[in-house]
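[1] coords below, sequence missing:
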């Protein structure tokens with residue numbers, strides 16, 4: 001069993017997420033399970049990580065900053081909810097709800113940025129976050145279809161899109177994202193040589 005406090009965790013999620021974010025989380029749970037089934041990953045772990053990946057997303061700055069300090073995270077996460085929420089969510093799952101599966105915790109921890117040497121579960125939750133059924137953008141259906149057969153290709157597309165958005169906003173990307181992109185490119189090139 002992944003978590004013995006699932007009822008409490010569900011209540012925490014409902015209490016701390018806005019309705020649209022709650023719906024999104026259920027969509028990521030569903031898409032993560034589908035991707036896990038398609039790519040031979042643990043469906044239960046994928047669904048769990050997908051469901052709870054954003055439990056800290058809607059915290060105000062004061063609450064987020066208190067968790068950043070509580071979990072001893074780098075000061076770069078102070079007043080930086082977009083990056084902090086994934087790290088804080090993993091900390092809450094472990095510290096407050098007794099989730100000790102490192103694979104799940106890392107899938108939650110890196111769902112925003114990715115990282116070098118991403119596990120299959122990490123990649124699944126990263127991709128599912130961007131392509132779940134409640135998203136609405138041109139090309140979504142095609143990207144969903146691609147992710148079912150070419151997870152690395154879909155992942156690279158999402159990373160390139162996100163890095164492009166950051167560049168347009170004049171923001172410096174997290175080093176984990178640039179490292180993750182290089183890792184995915186290397187893996188695609190390696191697989192293409194086989």
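    Arrived safely, thanks for sending. In this text, all values refer to a predicted model and were calculated from it rather than measured experimentally.
[2] which stretches of this structure form helices?
    Ranges of helices in the chain, per DSSP state H, are 6-16, 19-39, 43-52, 61-70, 81-97, 102-109, 120-131, 140-149, 151-168, 175-193.
[3] counting contacts, what elements does the second one pack onto?
    The contact analysis (3 or more Cβ pairs under 8 Å, 6 or more residues apart in numbering; DSSP states H and E) places helix 19-39 against helix 6-16, helix 43-52, helix 120-131, helix 140-149. In this view, the C-beta of every residue, glycine as well, is placed from N, C-alpha and C.
[4] Check these for me and report the most buried one.
    Across these, averaging neighbours per residue (mean count of other Cβ atoms under 10 Å) puts helix 120-131 on top, at a mean of 26.
[5] And the average pLDDT for that one is what?
    Helix 120-131 carries an average pLDDT of 98.
[6] so that helix versus helix 140-149, what angle?
    170 degrees (axes from the mean of the first three to the mean of the last three Cα atoms, to 10 degrees).
[7] Count the residues that sit near residue 66.
    Using other Cβ atoms under 10 Å, residue 66 has 12 other residues around it.
[8] and it, how far is that from residue 97?
    From residue 66 across to residue 97, the span is 18 Å (Cβ to Cβ, to the nearest Å).
[9] And for residue 127?
    Distance from residue 127 to residue 97, by Cβ to Cβ: 25 Å.
[10] Next up, the contacts around the residue nearest the centre of the chain.
    For the chain, the residue sitting closest to the mean C-alpha position, by Cα atoms, centre = their mean, is residue 111 at 2.0 Å. Applying Cβ atoms under 8 Å, 6 or more residues apart in numbering to residue 111 gives the contacts 49, 53, 86, 122, 125-126, 129.
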